[in-house]
Structures are given as structure tokens and as C-alpha cells.
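Trainee: Here's my sequence, what's the structure:
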Amino acid sequence: MTTVDTSIPVGGPPADPEQAAEELAGRIFEAGLAAVELATVHLGDRLGLYRALADNGPLTAADLARVAGIAPRYATEWLEQQACAGILAVDDPANESDRRRYTLPAGCEAVLLDPESPAYVLPLADLSQIIPPVMSSLVGAYRTGAGVPYADYGFHDIQAALNRPVFRTLLADEWIPAIPDVHARLRDGGRAIEFGCGEGWAAIAIAAGYPTATVAGFDLDDASIAAARRHAAEAGAADRVQFEVADVAGLPADDRYDVAFCFEMLHDLARPVEALQVARRLTAGGPVIVMDERVGDRFTAPGDPLERFFYGASVLHCLPVGMAEQPSAATGTVMRPDTLRRYAREAGFTDISELDIEHPMFRFYRLQG
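Mentor: Reported below is the predicted structural model:
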């Protein structure tokens, strides 16, 4: 996922009840405002309004309506809202509404329009759309202890879009080279396997960075695998990247790979130890590289913005997904380092280390032995 600023923690509740009520009301209002503005960003993306502004701006409302093919009155309202929110620039707010010209500020294309930019966070706006359809299922799951299947969310495109920039720009250029023996194996034509490959951007990045390596990606989500195959074909990597819908527990026991990767997926599994056992078997003891969220070593409250984001994702998505299959480890997004080490030991690994790879969103582990 794209880097975010996590430097400002939330303060603890004030001692005075009236002040506490006022501050909490203010926070919830700001959260509601953010949710509304994210929905308007999603709308602007769906209608191609940011692209129209980037390619043709500055534009009046009439210009935008003509270029993007929307009704003029809606164009006026959306442009004014976006300028009011500080997303778009307007040449002269005092002008008559039909004469104001709006611009997407320089640099904002990377955030809203470039799916391979490290600054690309547009998919966060899509999150406003995925929870309402499953809310009744979430309420039921919380009451019964059941879960909500991953496929019910329609989340795979959003997750893939959030991770695509870091995989395409960092995985083969920085992260794997920081693991010298894995780098050497892949450079010399090694075989890699990725568990929970999603839409395949990590596997495709490995194939692009290591032209003689082959990668096998497995996932249980049919829609993700269909997208992964399409992406591989478009990237010209279909001859060296294989994607299959499969439970890795059912892979042939005599398959062998030089390295296994588990990118931001272990915490979603009902049976993470079993998955690690399979990875250990398929690599004859490793290396197995796990990338997961950079959560704190221990619970603290209040938490910083990143920890808050991870807990929110866990409450609404990752924990219910992990509990859709029973029995479940019920890990959730906030898989702390000690939890990962416990899973690895239970899977039979004897050498468990945190890799010296710095990223504000992710931790990296090497499992061996």
C-alpha cells in the first residue's frame, strides 16, 4: 500500500466529560466529512472527471460537462465541492459560477490517475463503496461468531490497486535484492511460489525483475486469478508466471520451489500454520518470505493513524474474512510479530528473523529451517 503519514497520534480522552463529548463529536463529524468526501472522489473517478481535468484543464463547468459527458448542473456542483474541499484549484472564486475555471493541481495526477505511482491512493476512495453491501452480514457475523467470505466484499480490485505501486516499484528493485541468496536464486532462473497471489502484481513484478525466473501464484478467489492472468498477458509475462485457483494445502507433495512468498495475506487465513507448513515443505525448509502489516509490537491506546487504519480494516474486513472458515485462528489485520513467530514455530521453522527492509506500512520476515 502507498505510504501514509503516521506521525500524529490521537490524544487520550480529556478528563472533563463535557470536553470529552465535544471532542468526540468533533472527531466523528470529521470522520463523516472524510467519508463523504471520499465518496465524491470515487464519483469523480468513476465518471472520468479527474482525467478530463488533467487532459484538458483548466475547465469551466460547461467544459467539463461536454468533455466528460455529464449533465452541466452536476458538473457545477461537483467542481464547487471539490474546490471547497481543497482538491481542485479554482481561478477566481468570486467569478460567476459559469465562468469559474477549475484545475487539477500539478502533482495530483500521481495520487488520482497513475496506478503505478507510489503516491497513488485513489483506491482508498473505493472503500466507501464496499462496506454497505456487506453490513448486514457483518452484523450477523458479530452476533453469531461466524465470518463473511472474501468474495462477498468485491475487494480484490481495491486491494490489488493499493499494492500494485509498491510491488511494481520496490519488490524486484529493492526488497528482494535486500535478501542476497533469494536475489541470487531468482537471478539464476529460480522457481518461486506465491501464496494468496491476488491479482498477481507481485508475481508479475518478480518475473519482470528476474527474466529467467518462473513464478507460480495460487489463490482461492476466482475473480482475482482471472484478473491475474489478464495482467500477466498484458505485461508479456504469461510464459513465466502461472496463476491457478487452488488451496495450497492440496499442492503435490513433491513440488519444489527455491523460495515462497506470502505477501500481506497470512493474517487473513483461517489456518495460517497449515499454510506455513505447506510453504516449508515446498521449499524444503525455506526460505519463506512473509510480508505483513507493520503493526506495533504490543497493543497501545490511543494508537497512531496507521494502527487505527489497521484495526478499522480488521473490524470490517480481515477478521470476518478469516472467520468465514471454521475452525479459525481468527488473527485479524493486527498480527503482531510475536504472533507471526508463534505461527512459524508451530509450522516447524527454527530460524525466524525480521529482515532489514524499511517500509512504513510493512514488516518482512524470513522463515527457515
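Trainee: What lies in contact with the helix or strand where Leu340 lies?
Mentor: Taking DSSP states H and E as the definition, one finds Leu340 inside helix 337-346. Under the contact criterion CB atoms under 8 Å, 6 or more residues apart in numbering, helix 337-346 has outside partners 266, 272-273, 276, 290, 292, 297, 329, 331, 352, 354, 363, 365, 367. Any C-beta I mention is one placed from the backbone N, CA and C, and that applies to glycine too.
Trainee: Out of the residues you listed, which comes closest to Asp254?
Mentor: Among those, Leu276 lies closest to Asp254 (CB to CB), at 19.0 Å.
Trainee: Where in the protein is the helix or strand with the lowest mean pLDDT?
Mentor: helix 123-130 (a mean of 88; mean pLDDT, DSSP states H and E).
Trainee: Now do the SS call for Glu244.
Mentor: strand (DSSP: H, G, I helix; E, B strand; the rest coil).
Trainee: Number the residues from 26 up from this point.
Mentor: OK, 26 is where the count begins now, so the last one is Glu269.
Trainee: which SS class is the residue lying closest to it once chain neighbours are set aside?
Mentor: Among residues not flanking Glu269 along the chain, Phe243 sits closest, at 5.5 Å (CB to CB, 6 or more residues apart in numbering). The three-state label given to Phe243 by three-state DSSP is strand.
Trainee: pretty sure Phe243 is in contact with Val266, am I right?
Mentor: No - look at Phe243 against Val266 with CB atoms under 8 Å: they stay out of range, at 11.8 Å.
Trainee: Those two: who's more crowded?
Mentor: Val266 (26 against 21; other CB atoms under 10 Å).
Trainee: Who is that one paired with across the strands?
Mentor: Beta bridges link Val266 to Val240, judged by DSSP bridges.
Trainee: give the contact list for it.
Mentor: Applying CB under 8 Å, 6+ apart, the residues near Val266 are 225, 228-229, 232, 239-242, 257.
Trainee: returning to what we had before: would you reformat the contacts of helix 362-371 as CSV and include neighbour count, distance to Ala60 and secondary structure?
Mentor: Output for the contacts of helix 362-371, formatted as CSV (neighbours: other CB atoms under 10 Å; distance: CB to CB, whole Å; DSSP: H, G, I helix; E, B strand; the rest coil):
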residue, neighbour count, distance to Ala60, secondary structure
Leu291, 26, 29, helix
Pro297, 26, 32, helix
Val298, 17, 37, helix
Leu301, 27, 37, helix
Val315, 29, 32, strand
Asp317, 25, 27, strand
Asp322, 8, 31, coil
Ala354, 18, 31, coil
Thr356, 23, 27, coil
Ile377, 21, 39, strand
Glu379, 13, 35, strand
Arg388, 19, 29, strand
Tyr390, 21, 34, strand
Leu392, 28, 39, strand
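Trainee: pLDDT added to those residues, as TSV?
Mentor: Output for these, formatted as TSV (pLDDT from 0 to 100):
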residue	pLDDT
Leu291	97
Pro297	97
Val298	97
Leu301	97
Val315	98
Asp317	97
Asp322	95
Ala354	97
Thr356	98
Ile377	97
Glu379	97
Arg388	97
Tyr390	98
Leu392	98
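Trainee: And the average pLDDT for the helix or strand Val61 falls within is what?
Mentor: Using DSSP H and E, Val61 maps to helix 42-71. Across helix 42-71, pLDDT averages out at 93.
Trainee: circling back to that earlier point, check the residue nearest to Glu269 and give its pLDDT.
Mentor: 96.
Trainee: which residues of the stretch 26-175 of the chain fall in helices?
Mentor: Under the criterion DSSP state H, counting those that start in this stretch, helices of the stretch 26-175 of the chain are mapped to 42-71, 74-81, 86-93, 97-109, 134-137, 148-155, 160-169.
Trainee: and Ala274, what is it in contact with?
Mentor: 296, 299-300, 303.
Trainee: follow-up on the earlier one: which two of the contacts of Val266 lie the greatest distance from each other?
Mentor: Maximum pairwise distance in the contacts of Val266, criterion CB to CB, is 13.7 Å, between Gly225 and Thr239.
Trainee: These two: which is more packed in?
Mentor: Of the pair Gly225 and Thr239, Gly225 is the one with more neighbours under other CB under 10 Å, namely 28 against 20.
Trainee: Now do the more buried one against Glu383, distance only.
Mentor: Using CB to CB, to the nearest Å, we find Gly225 at a distance of 25 Å from Glu383.
Trainee: Same check on Glu102?
Mentor: For Glu102, the distance to Glu383 - CB to CB - is 44 Å.
Trainee: who's more crowded, these two?
Mentor: Glu102 (14 against 11).
Trainee: which ones are touching the nearest residue to Tyr99 once chain neighbours are set aside?
Mentor: Distances taken as CB to CB, 6+ apart place Ala90 nearest to Tyr99, at 7.7 Å, with adjacent residues excluded. By CB under 8 Å, 6+ apart, the residues touching Ala90 are 96-97, 99-100.
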